[in-house]
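> A predicted structure for the sequence below; I have some questions about it.
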Amino acid sequence: MGSSRDSKSGSSQSKTANSTASAREGIRYDLLLKGGEFIDPASGRRGRLDVAFSEKKVAEIAPEIDSSLARQVESAAGLMVVPGLIDCHVHVAEGIGVSVRPDVIGVNRGATTLADAGSCGSCNFGAFKPVIAENRTRVLAWLNISTIGQTDLRLGELILGAAVNIEEAVEVAADNPEIIVGFKARLSSYVTGNAPAIPYLQRLLEAGNAAKLPVMIHVGDTVEPLGRILDMLRPGDVCSHYLTSRRHNILGIMGFPGAAIIPEAFEARRRGVFLDVARGRNHLGFLQVQKAIEAGLLPDMLSTDLTLPSSADPGYSLMMLVTQFMTFGVSFEDCLKQITVNPAKAIGRPELGKLEAGGVGDATLLKIEEGDFTIRDVDGQTRKTDRRVVAVGVVRDGSFVKIHPAASE
Ligand SMILES: [Zn+2]
């Protein structure tokens, strides 16, 4: 990124620069990304195209845009210019439970939009709003149906049945439609206190039906088989951790190499349920990944489930997941859909996850690096690969943020 006109091409100067830009003669754009390989999975448009931004929006996409028209020019030569990436399952209600500051894992790791996955419930959502307001990353939220959300992971938020309050959750969602995209519940036995999950799933769906919003569930180690749970989800609902290796996964009670994928998983896909990776620290088994890919049951969404502890690894990002799935033979283009257009649909924000003139001024700059890289699953298995995908910059609301990718292992 050598050709910035400003000495620093960071975010901090963009506010003042925006106001001076229009005053300067001949300046039409705030920012120009020059010479990149443009890829927009939503429209299928691809090619060597320049992208200009003004007034927080994409102003123009064309084969050649004159550099003298832009206040700031960033070279994208050798890079891919893609829609601002969306991580639809993270924990970023900073100060609550294991949440991490949004910008640490958002714009600083290539994602312009994050959806918090139930860190807050109706009683502590208010504390999340100032965090959302003071970060550059766009932050949306799945609201936990437990009033306390995921305040302390040592205390399963569904153990106290009295803490589940659908009326309150629906009310908070109605008051915050610009932030809340749906409702969340963790259904694992360590959350329910070994109680069956299905009564909680019924309550969760009650909230979704009342507010006309989707729900997101956390599976793995549930009392009931996964198939019974999947059968209850409606089109547009999200099953997170669908490639978990924990008890009651897509390969049955426990996964073993000869096991077949449960039919309910295919049925859920056919019905329009979103299958979400949400890797986290322990929700992805290579066996489940291998089997799902062999069977054509690709993820709808790659998401990180990043938290404060897992964010300590600077290499952990959406791009690490893309790299990982590419080693299993999933194409870069398919992975790109899973972090742009697909999560945009799942969170009910179809204006995100795409790059078009007049649209939201968010983009991510990606690079494919060659070398010797090691990736790991959550059971300690490793795989080698000779290429990895990294993010080297983002555009958020029309202003550029440079990223320094983490060193490889
Ligand atoms: Zn999570």
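Yep, it's here.

> tell me the contacts of Pro257?
Leu287 (C-beta atoms under 8 Å, 6 or more residues apart in numbering). C-beta: built from backbone N, CA, C; applies to glycine.

> Going C-terminal from the helix or strand bottoming out on mean pLDDT in the chain, what's the next secondary structure element?
Lowest by mean pLDDT, DSSP states H and E among the helices and strands of the chain is helix 14-21, with a mean of 47. Moving toward the C-terminus from helix 14-21, the next helix or strand (DSSP states H and E) is strand 29-40.

> So which bits of whatever helix or strand comes next after that next one are buried?
For strand 29-40, the following helix or strand on the C-terminal side (DSSP H and E) is strand 45-54. Within strand 45-54, the residues scored as buried using 16 or more other C-beta atoms under 10 Å are Leu49, Asp50, Val51, Ala52, Phe53, Ser54.

> Before we move on, what's the pLDDT of the closest residue to the ion within the stretch 51-200 of the chain?
Going by C-beta to the ion, the ion is nearest to Ala117 of the stretch 51-200 of the chain, at 4.3 Å. Here, the pLDDT recorded for Ala117 equals 98.

> Run a quick neighbour tally on the closest residue in space to it that isn't next to it in sequence.
Leaving aside its chain neighbours, Ala117 sits nearest to His89 (4.4 Å; criterion: C-beta to C-beta, 6 or more residues apart in numbering). Here the count is done by other C-beta atoms under 10 Å, and His89 has 30 residues near it.

> Tell me who's in contact with His89.
With contacts defined as C-beta under 8 Å, 6+ apart, His89 is in contact with Ala115, Ala117, Met216, Ser240, Asp276, Ala278, Met301, Ser303, Thr304, Asp305.

> same thing but at 6 Å, please
His89 makes contact with Ala117, Ser240, Asp276, Ala278, Ser303, Asp305, according to C-beta atoms under 6 Å, 6 or more residues apart in numbering.

> what does Gly315 give?
Applying C-beta under 6 Å, 6+ apart to Gly315 gives the contacts Ala406.

> any idea how far it lies from Ile105?
Gly315 is 12 Å from Ile105, where distance means C-beta to C-beta, to the nearest Å.

> Likewise for Gln324?
The gap separating Gln324 from Ile105 is 17 Å, by C-beta to C-beta.

> Spell out which parts of the protein neighbour the ion.
Contact residues (C-beta under 5 Å from the ion) of the chain with the ion: Ala117, Asp305.

> Please repeat the previous calculation with a cut-off of 6 Å.
By C-beta under 6 Å from the ion, the residues of the chain that approach the ion are His89, His91, Ala117, Ala278, Gly280, Asp305.

> okay, now Arg269: neighbour count?
18.

> do the same with Gly296
Using other C-beta under 10 Å, the number of residues around Gly296 comes to 9.

> now it: how far from Arg136?
For Gly296 relative to Arg136 (C-beta to C-beta), the value is 38 Å.

> How far does stretch 173-182 sit from its chain's centre?
18 Å (C-alpha atoms, centre = their mean, to the nearest Å).

> Quick one: mean pLDDT over that stretch.
On average, stretch 173-182 scores 98.

> Any buried residues in that stretch, and which?
Ala173, Asn176, Ile179, Ile180, Val181, Gly182.

> Hmm, the first one is touching Lys212, no?
No: contact criterion C-beta atoms under 6 Å: Ala173 and Lys212 do not qualify, at 9.7 Å.

> Before I go, just wanted to say thanks for your time.
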